[in-house]
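J.: Here is the input, now give the coordinates:
(chains A and B)
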Amino acid sequence: MKVKVLFFAPLREQLGTAGEEIELPAGVGTVAALRGHLARRGGAWEGALAEKKNARAAVNQDMAKPGALDPRRR
Amino acid sequence: MKISVQREDFDLSLETKIFRESEGVGAVASFVGIVRDVRMTLEHYSGMTENSIKKIVEEARSRWKVMDCTVIHRYGELAPHDQIVLVAVASAHRGDAFAACEFIMDYLKTQAPFWKKEHRPEGAAWVEARASDDDAAGRWEPPARKAS
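T.: Okay, the predicted model is just below:
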């Protein structure tokens, strides 16, 4: 499944992009997993999205907890 | 009810004038936030921001007798002394108006997606969420169970 991921404010500046479409790989079924998947790209991605970094996420415009939501089951 | 996220400034007296036309309104409580001491850029997520404000207002309406309500939040470049946010609530009595106005403002600070970049002499920096704002919103918990 494809998801459109948008980045705002400091994340957009750190990552150098406002968003992209991502094909979710197998096993990436939560916000936290997607975040980890992106962080593994290394460089600015790791710096901005590493687990210890503060970042809020929303799924379909609803604030989402890291592990609670499965974007593929929406 | 009016919810607006806009670049333009607003006029409190104009925004609340319409409240007095409603039958039975006896109280209007309002809050205006002002830029204190530093130039800033405010960013929002068009669509989600308006919807999240709408949810906060709906929650306030479920807790207090709110007869009318206006929330205006500005975005873009703002300078010291500029108005940032307006929350105004009309009710029959002051208790409901005061409480609903404060509730909406407290939740706006934590639940609506806005990002603030401060432009200080030493450089520009994005502002992290403040724990004191979470505390302010937290004192209204637990939220009322939503009937579905």
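J.: Could you pull out the helices in chain B for me?
T.: Remark: helices assigned in chain B by DSSP state H are B:12-17, B:48-63, B:94-111, B:131-138.
J.: lowest-confidence stretch among those helices?
T.: Taking each of these in turn, the lowest mean pLDDT turns up on helix B:131-138, with a mean of 75.
J.: Just checking that one against chain A, any contact.
T.: No - using C-beta under 8 Å from any C-beta of the partner chain, helix B:131-138 stays clear of chain A, with a minimum separation of 11.6 Å. Every residue, glycine included, has its C-beta placed from N, CA and C.
J.: Now do the buried residues in that helix.
T.: Under the neighbour-count criterion of 16 or more other C-beta atoms under 10 Å in any protein chain shown, helix B:131-138 has B:136, B:137 buried.
J.: which strands and helices sit next to it?
T.: The elements that helix B:131-138 packs onto, with contact taken as 3 or more C-beta pairs under 8 Å, 6 or more residues apart in numbering or on different chains; DSSP states H and E, are helix B:94-111.
J.: how about the helix it packs on, does it get close to chain A?
T.: Yes - applying C-beta under 8 Å from any C-beta, one finds helix B:94-111 touching chain A at residue B:111.
J.: quick check: angle from that helix to helix B:131-138?
T.: 140 degrees (axes from the mean of the first three to the mean of the last three C-alpha atoms, to 10 degrees).
J.: Adding distance to residue B:39, write the helices of chain B out as JSON lines.
T.: Converted to JSON lines, the helices of chain B look like this (distance: least, C-beta to C-beta, whole Å):
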{"stretch": "helix B:12-17", "distance to residue B:39": "23"}
{"stretch": "helix B:48-63", "distance to residue B:39": "21"}
{"stretch": "helix B:94-111", "distance to residue B:39": "20"}
{"stretch": "helix B:131-138", "distance to residue B:39": "21"}
